[in-house]
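Undergrad: Starting from these lines, generate the structure:
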Amino acid sequence: MPMRIRSVHTSDLTAAELDAVRSLMDAAFDDFTDDDWDHTVGGMHALVLDEDGAVLAHGSLVQRRLLHGGRALRTGYVEGVAVRADRRRRGHASAVMATLERVLRDGAYELGALGAADEAVPLYRGRGWQPWHGPLSVLAPTGLHRMPEEAGGIFVLPVNGTRVDTAGELTCDWRPGDVW
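TA: Predicted structure coming up:
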């Protein structure tokens, strides 16, 4: 059966669909918090659905501002990429990412970014996402704070002619929970 992909804004998801996505996140990540959930909603979602409409895979793209090279870059930040355990290794995560990357390239963003779990690194590298090699920081309410613990886990995808120096500094905006 061919996979069915739905691209939809959070505001157009039903309560049942939101519950299904949250359940998928809780099952996929042992430490998924309410802050993580807040980071996952408020943007565009890519859902892979089975023939009955059950959610098999998910990813979302939310707007953030990342600072790099003296500029604030309009960034589509990828959140909540997960595939139901019994449906992994069938191309669902790639289908989710292809849908989100299409949104990135539609002109609204200058950069795609994400924090990658170790097991997902081959997926992102294989799709052309570049690891960030330079220093990472957050612009917190108390000022700029370096985040060396994030080294090796942040990936970017420049879009629409944007150029970045992945050896330079990259700073994210503040948010509760995991800032990256």
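Undergrad: shaky segments in the chain?
TA: 1-2 (pLDDT under 70).
Undergrad: biggest helix in it by residues?
TA: Using DSSP state H, we find that the single longest helix of the chain is helix 15-28.
Undergrad: Who's the closest spatial neighbour of the residue most central in space within the chain, skipping the chain neighbours?
TA: In the chain, the residue lying closest to the centroid (C-alpha atoms, centre = their mean) is Val78, at 1.2 Å. In space, and not counting its chain neighbours, Val78 is closest to Leu114: 3.8 Å by C-beta to C-beta, 6 or more residues apart in numbering. No exception for glycine: its C-beta is placed from N, CA and C like everyone else's.
Undergrad: Surely that neighbour is in a strand?
TA: Yes - looking at Leu114 with DSSP: H, G, I helix; E, B strand; the rest coil, it is inside a strand.
Undergrad: Go ahead and confirm it touches Leu123.
TA: No - using C-beta atoms under 8 Å, Leu114 is not in contact with Leu123, being 10.5 Å away.
Undergrad: Neighbour count: these two, which is higher?
TA: Leu114 (24 against 16; other C-beta atoms under 10 Å).
Undergrad: in the sheet, who's paired with the more buried one?
TA: Counting by DSSP bridges, Leu114 forms beta bridges with Val78, Phe155.
Undergrad: contacting residues around it?
TA: Counting by C-beta atoms under 8 Å, 6 or more residues apart in numbering, Leu114 touches 77-79, 81, 124, 129, 154-155.
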